[in-house]
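Engineer: what follows is a protein structure lacking sequence information:
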């Protein structure tokens, strides 16, 4: 049996999550860039993990590991914002996180 809406016709939290639109590519890119806390143009493990936490990852540790394994092309342990960020963003888009 479907859930009834309240008299004020507002969506419940569960209903909202079902219709919420996923983050855009630009929003995800901006989120990752904002976590480059020391301004070195690279994202460390902790910075990637913190960004996934902000995006709503159930397991940010796992998502950071998967994201880095996909995006860290030169295997230096960092995500370069100029050359590797796009791959991390594409991986994150596949997950369809919603605000």
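Structural biologist: All right, it came through fine. What you see is a predicted model; the values in this text were computed from it and never measured. Numbering: from 1, shown residues only.
Engineer: how about residues contacting the helix or strand where residue 63 lies?
Structural biologist: Assessed by DSSP states H and E, residue 63 sits inside helix 60-71. Helix 60-71 is contacted by residues 45, 48-50, 52-53, 57, 77, 79, 84-85, 87-88, 91-92, 95 when judged by Cβ atoms under 8 Å, 6 or more residues apart in numbering. Where C-beta positions appear, they are placed from N, C-alpha and C, glycine not excepted.
Engineer: just give me the closest of these to residue 29.
Structural biologist: Distance to residue 29, by Cβ to Cβ, is smallest for residue 85 among the contacts of helix 60-71, at 6.7 Å.
Engineer: tell me how many other residues crowd the closest one.
Structural biologist: By other Cβ atoms under 10 Å, 20 other residues sit near residue 85.
Engineer: now do residue 91
Structural biologist: Using other Cβ under 10 Å, residue 91 has 17 other residues around it.
Engineer: ok, it to residue 85 distance?
Structural biologist: 11 Å (Cβ to Cβ, to the nearest Å).
Engineer: for residue 56, what are its contacts?
Structural biologist: 97-98.
Engineer: how about the nearest residue to residue 55, chain neighbours excluded?
Structural biologist: Of all residues not flanking residue 55 in the chain, residue 97 sits nearest, at 4.6 Å (Cβ to Cβ, 6 or more residues apart in numbering).
Engineer: got the phi/psi numbers for the one you found?
Structural biologist: Per-residue torsions, residue 97: phi -70, psi 150 (degrees, to the nearest 10).
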